[in-house]
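Student: below: sequence and its predicted model.
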Amino acid sequence: MEGGYVHFTKEMKKTHTILIPNMAPLQFSILQAALEREGYKTEILGNCGSQVAQLGLKYVHNDTCYPALLVIGQFLDALGSGKYDLEHTALLITQTGGGCRASNYIHLLRKALVKAGYGGIPVASLNFAGLEKDSGFQMTLPMLKMALAAVIYGDLIMALRNQTAPYELEAGAAEALAQSWVGTIRGWFLQGRGGSAKEMKAAFSGIAQAFAAIPVKRTPKVKVGVVGEIYVKYSPLGNNRLEEFLAGEGCEVNLPGLLGFVQYCISNAGDTVRFYGGSRALVWGTEALLKHLDKIEQASAQALRAAGYHAPARFLDLRNMADGIISRGNKMGEGWLLTAEMVELVTSGYENIVCAQPFGCLPNHICGKGMISRIRALYPAANITPIDYDPSATPVNQENRIKLMLSVAKERLEEGGPALPAQPLAGPVESEGAKVPAYL
């Protein structure tokens, strides 16, 4: 033990099971296979419930941001469940490396572990910023490539599932296919394949066409985008199963992909040099990496469009969408990306937006809630509602606020909102008494 905490050592790779909080279910499930390929034994946590937040409140200062409370509470709840051999259990937490307090979660977690009597549990960091250099858990280049591939595949499957499920004739067909593809890709990763740009581009079309083959009945639906702080945006624990709630209200949900946040972090590194000075080599390097990812992103978008689905804007276009609203110098937390995602959603037919705001996240409130009035002024159709998530907020109050937003959206839809864009969907769609070509 050095520095007051237990290090995760290279030897623990063979002896310890690493617990991982579940932020983005599809992406993290594939990421788990990438870690297992590198020899790590891992488990994605699924424990939820009010006790998670209460444990977080018990062992972390109540002024700490809500995602930290939940992540730490979920770890403590799992360790106290009796399910794990505590002598051979470790924890893995992400660090962004930026100005967001998420970079300090690891220190809060270690302090909470000591207070709760689990001071012997080692904690490893998953980050791309070179933090925790003394840890036995380090990102290798092959692991980094597979991690990026996990995010890209997960984003594609998430988009296909969310655009298919509201219209499927057989309930659960899209979710079942999503899980099937996750299992297939996990199998590829465990065999050491499927993670190169060439392999991903070759796989995208088959994945998209498989979803397009699901029988559906296209009827006008309220389309809702979800933005916000990265944890409560994706995590069912953090947002009280927001996606499920919206689906239950008959909505088509658009959840911008996790790759956008990765690209945002890369872009910010170059912007730091532009704003404050530094090595131009860093700017060239970040732009080269963004262009590499852009080629993969465009291949994924092409597969979506070819199968009749909506494809999001490429990041290189997205990062200009907030111009005139917020500066790219606002890069704490989700920063300008949050504003840009709202603009992209509004201009692509998802003008109804839930902006998930966790307690204690000041950058998110400024770049999210603080930009709503400006976006509404520029785009009058924007129907945006910020929803606060914290230990004292009840799901009933959150859902009632969302229902108010949805009531406006449904009124607009009934009054003859924007027509469905004529994009052919591969595969037959059952209509009233006949089978006709589908159009989104």
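Tutor: Yep, that arrived.
Student: show me where pLDDT drops low in this protein?
Tutor: Within the chain, the stretches with pLDDT under 70 are 1-4, 96-103, 127-134, 417-440.
Student: try it again with 50
Tutor: 2, 418-440 (pLDDT under 50).
Student: for it, which helix is longest?
Tutor: The longest helix of the chain (DSSP state H) is helix 280-306.
Student: after that helix comes which helix or strand?
Tutor: On the C-terminal side of helix 280-306, the closest following helix or strand by DSSP states H and E is helix 315-318.
Student: in that following helix, what's buried?
Tutor: Across helix 315-318, burial judged by 16 or more other Cβ atoms under 10 Å covers 315-316, 318. The C-beta positions use only the backbone N, C-alpha and C, and glycine is treated the same way.
Student: ok, now stretch 279-293?
Tutor: Applying a neighbour-count criterion of 16+ other Cβ under 10 Å, the buried positions in stretch 279-293 are 283, 286, 289-290, 293.
Student: stretch 232-248 now?
Tutor: 232-240, 242-243, 245-247.
Student: stretch 247-264 now?
Tutor: Counting neighbours by 16+ other Cβ under 10 Å, one finds that the buried residues in stretch 247-264 are 247, 249, 251-264.
Student: can you give me the helices for the stretch 101-250 of the chain?
Tutor: Using DSSP state H, counting those that start in this stretch, the helices found in the stretch 101-250 of the chain span residues 105-115, 141-164, 173-190, 197-212, 230-234, 242-248.
Student: so Gly329 is in contact with Phe275, correct?
Tutor: Yes. The pair Gly329 / Phe275 is scored as a contact, 5.6 Å apart, by Cβ atoms under 8 Å.
Student: overlap in contacts of these two?
Tutor: With Cβ atoms under 8 Å, 6 or more residues apart in numbering applied, the contact sets of Gly329 and Phe275 do not overlap.
Student: picking that back up, which one of the buried residues of stretch 279-293 is nearest Ala78?
Tutor: Using Cβ to Cβ, the shortest approach to Ala78 within the buried residues of stretch 279-293 belongs to Leu293, at 33.5 Å.
Student: list the contacts of that closest one.
Tutor: By Cβ under 8 Å, 6+ apart, the contact list for Leu293 reads 148, 259, 262-263, 266, 315.
Student: ranges for the strands of this protein?
Tutor: Along the chain, counting by DSSP state E, strands occupy 17-20, 41-44, 89-94, 123-126, 222-228, 251-254, 352-358, 383-389, 424-431, 434-439.
Student: list the buried ones in the fourth one?
Tutor: To tie it back to what came earlier, the one meant is strand 123-126. Under the neighbour-count criterion of 16+ other Cβ under 10 Å, strand 123-126 has 123-126 buried.
Student: next one: the first one
Tutor: By 16+ other Cβ under 10 Å, the buried positions in strand 17-20 come out as 18-20.
Student: over to the fifth one?
Tutor: Neighbour-count burial for strand 222-228 flags 222-228 (criterion: 16+ other Cβ under 10 Å).
Student: for Ala208, state which of those is nearest.
Tutor: Closest approach between the buried residues of strand 222-228 and Ala208, by Cβ to Cβ: Lys223, at 19.3 Å.
Student: right, and the closest one touches Gly250 too?
Tutor: No. Contact criterion Cβ under 8 Å: Lys223 and Gly250 do not qualify, at 10.9 Å.
Student: quick revisit: out of the buried residues of stretch 232-248, which is nearest to Ala34?
Tutor: Tyr234 (17.9 Å).
Student: quickly compare the helices of the stretch 101-250 of the chain and say which is most buried.
Tutor: The highest average neighbour count among these, using mean count of other Cβ atoms under 10 Å, belongs to helix 230-234 at a mean of 27.
Student: by contact count, what packs against that helix?
Tutor: Here helix 230-234 touches helix 66-79, strand 352-358, going by 3 or more Cβ pairs under 8 Å, 6 or more residues apart in numbering; DSSP states H and E.
Student: pairing partners for the shortest one, with directions?
Tutor: Strand partners for strand 352-358, identified by DSSP bridges, are recorded as strand 222-228 (parallel), strand 383-389 (parallel).
Student: any idea how far Ile20 is from Ser50?
Tutor: According to Cβ to Cβ, to the nearest Å, Ser50 stands 22 Å off from Ile20.
Student: do the same with Arg186
Tutor: Applying Cβ to Cβ, the value for Arg186 to Ile20 is 14 Å.
Student: next one: Glu11
Tutor: Per Cβ to Cβ, Glu11 is found 20 Å from Ile20.
Student: nearest to Gln27, of the buried residues of strand 123-126?
Tutor: Leu126 (12.7 Å).
Student: the residue lying closest to Tyr153 once chain neighbours are set aside and Asn62: what is the separation?
Tutor: Nearest residue to Tyr153 in three dimensions, chain neighbours excluded: Ile185, at 5.2 Å (Cβ to Cβ, 6 or more residues apart in numbering). As defined by Cβ to Cβ, Ile185 lies at a distance of 40 Å from Asn62.
Student: hang on, the earlier thing: got the buried residues of strand 17-20 as a markdown table, with distance to Cys361 columns?
Tutor: Output for the buried residues of strand 17-20, formatted as a markdown table (distance: Cβ to Cβ, whole Å):
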| residue | distance to Cys361 |
| --- | --- |
| Ile18 | 27 |
| Leu19 | 24 |
| Ile20 | 22 |
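Student: Thr140: which of these is nearest?
Tutor: The closest of the buried residues of strand 17-20 to Thr140 turns out to be Ile18 (Cβ to Cβ; 15.7 Å).
Student: please look at that closest one and Leu92 and confirm they touch.
Tutor: Yes. In this structure, Ile18 is within contact of Leu92 by Cβ under 8 Å, at 4.9 Å.
Student: okay, and the common contacts of those two?
Tutor: Common contacts of Ile18 and Leu92 (Cβ under 8 Å, 6+ apart): 42, 124, 137.
Student: and the last one, how many neighbours does it have?
Tutor: For Phe137, the neighbour count with other Cβ atoms under 10 Å is 23.
Student: one more: the first one?
Tutor: Thr42 has 19 neighbours, counted by other Cβ under 10 Å.
Student: for Glu399, same thing?
Tutor: As a burial measure, Glu399 scores 18 neighbours (other Cβ under 10 Å).
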